[in-house]
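S.K.: fold the following, please.
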Amino acid sequence: NKTKIKIRHSNGNKEEIKIMPERASEIALERLGSMNLSIILKEMFEGKNKSRIVYEIGANKTGRFIGIFKIKLKLYAIIDSQTGEIIRVNKPLWVFFVSG
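M.R.: This next block holds a predicted model:
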């Protein structure tokens with residue numbers, strides 16, 4: 001048995017979710033490298049009449065800035081619910097200075 005999930009867009013169109021949250025979290029884990037993930041399924045608008053359903057995944061990561069100062073980072077990724085493609089990753093520009 002397979003369960004199908006369909007979402008209705010704000011304009012009334014229906015769309016089937018092909019990538020389940022477990023797979024989206026695996027994709028985000030590979031890219032963000034953090035185990036502490038939060039997942040939200042939401043509609044992302046791309047112009048006047050175009051939208052898509054995406055997963056917004058947030059992660060909190062701790063590390064050391066320049067190996068000295070303890071720091072917490074907030075990382076975000078947007079993943080397409082149809083293809084599993086990473087649309088966007090938001091992380092600080094200075095993240096390469098953080099180890100751990």
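
S.K.: output the helix or strand harbouring residue 63 as PDB, nothing but the C-alphas.
M.R.: Using DSSP states H and E, residue 63 maps to strand 51-65. Only the C-alpha atoms of strand 51-65 are listed here, as PDB (Å, rounded to 0.1, in the frame of the first residue of the first chain):
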ATOM      1  CA  SER A  51       3.800  28.700  -6.900                       C
ATOM      2  CA  ARG A  52       5.300  25.300  -5.800                       C
ATOM      3  CA  ILE A  53       5.100  23.200  -2.600                       C
ATOM      4  CA  VAL A  54       8.500  23.000  -0.900                       C
ATOM      5  CA  TYR A  55      10.000  21.800   2.400                       C
ATOM      6  CA  GLU A  56      11.700  24.600   4.400                       C
ATOM      7  CA  ILE A  57      14.300  22.900   6.600                       C
ATOM      8  CA  GLY A  58      16.000  24.700   9.400                       C
ATOM      9  CA  ALA A  59      19.000  23.400  11.300                       C
ATOM     10  CA  ASN A  60      20.900  24.600  14.400                       C
ATOM     11  CA  LYS A  61      24.500  23.700  14.400                       C
ATOM     12  CA  THR A  62      27.200  24.400  17.000                       C
ATOM     13  CA  GLY A  63      30.900  24.800  16.400                       C
ATOM     14  CA  ARG A  64      33.900  26.900  17.100                       C
ATOM     15  CA  PHE A  65      34.700  30.100  15.200                       C
END
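
S.K.: now do the buried residues in the next helix or strand after that strand.
M.R.: Going down the chain from strand 51-65, the next helix or strand is strand 69-80, by DSSP H and E. Along strand 69-80, these residues count as buried under the neighbour rule (16 or more other CB atoms under 10 Å): 71, 73, 75, 77-80. C-beta coordinates here come from the backbone N, C-alpha and C atoms, glycine included.
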